[in-house]
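**Student:** My questions are about this predicted structure, shown below with the sequence.
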Amino acid sequence: MSAHASVYFSAALIAVAGCSSQREQPSPAAADWPPSARAAAYSPTATLGFDSPEGVSRLLEQRWSLADIQAFCIPERRHNDMYQNLVVDTPEAWKGRLYSDRRTGFDRISWYATVRDGHLQAYSLEAYRGTNFWSLEIGDPETFHKPPQVTPDPSAPCFIGHK
């Protein structure tokens, strides 16, 4: 093998090895429900808006601080399974996670949404820790005109209370 051929062969081998080891890692949200929904790639610099999953993640992080989520998620406010969560009734859905770039004290803080013509219609924001589940909010773009209910009455029927 000539010196030139050896150099080309080595370069090709390095390029192939580099490409195979640089596979794109799936988003942690890819495993979240609903399975077929388009998962947001976490980006703290995404443009705010209702027209992409990344924009929705940013909007929800601005709406719900980590401190607000922690204040909401007390045992008494865990979700009562007798109450319906958001039903995905559109052909397109999005999902994402909040604060995935830091430790939160939760297994995950995630959301999913119904989408029509590339725009969010309704969303559900949730937090999970072990077997505990909190439904923080079900809303739509109009919901953003009011502040979130960070400390609702834990005796409301949508929560399990002291059980």
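**Tutor:** Perfect, I can see it now.
**Student:** and Gly49, helix, strand or coil?
**Tutor:** Gly49 carries the three-state label coil when classified by DSSP: H, G, I helix; E, B strand; the rest coil.
**Student:** Any regions of this protein where pLDDT drops low?
**Tutor:** 1-30, 162-163 (pLDDT under 70).
**Student:** one more time with 90, if that's ok
**Tutor:** Flagging of the chain using pLDDT under 90 yields the residue ranges 1-36, 41-46, 161-163.
**Student:** What residues does the nearest residue to Trp33 once chain neighbours are set aside make contact with?
**Tutor:** Nearest residue to Trp33, sequence neighbours excluded (Cβ to Cβ, 6 or more residues apart in numbering): Tyr112, at 6.3 Å. Every C-beta, even on glycine, is put in place using the N, C-alpha and C of the backbone. Each residue near Tyr112 by Cβ atoms under 8 Å, 6 or more residues apart in numbering is listed here: Asp32, Trp33, Pro34, Ala37, Leu86, Val88, Ala93, Trp94, Lys95, Tyr123, Ser124.
**Student:** For Glu76, which non-adjacent residue is spatially closest?
**Tutor:** In space, Glu76 is closest to Pro154, 3.6 Å off (Cβ to Cβ, 6+ apart).
**Student:** can I assume that neighbour is in contact with Ile74?
**Tutor:** Yes. If you go by Cβ atoms under 8 Å, Pro154 and Ile74 touch, sitting 6.8 Å apart.
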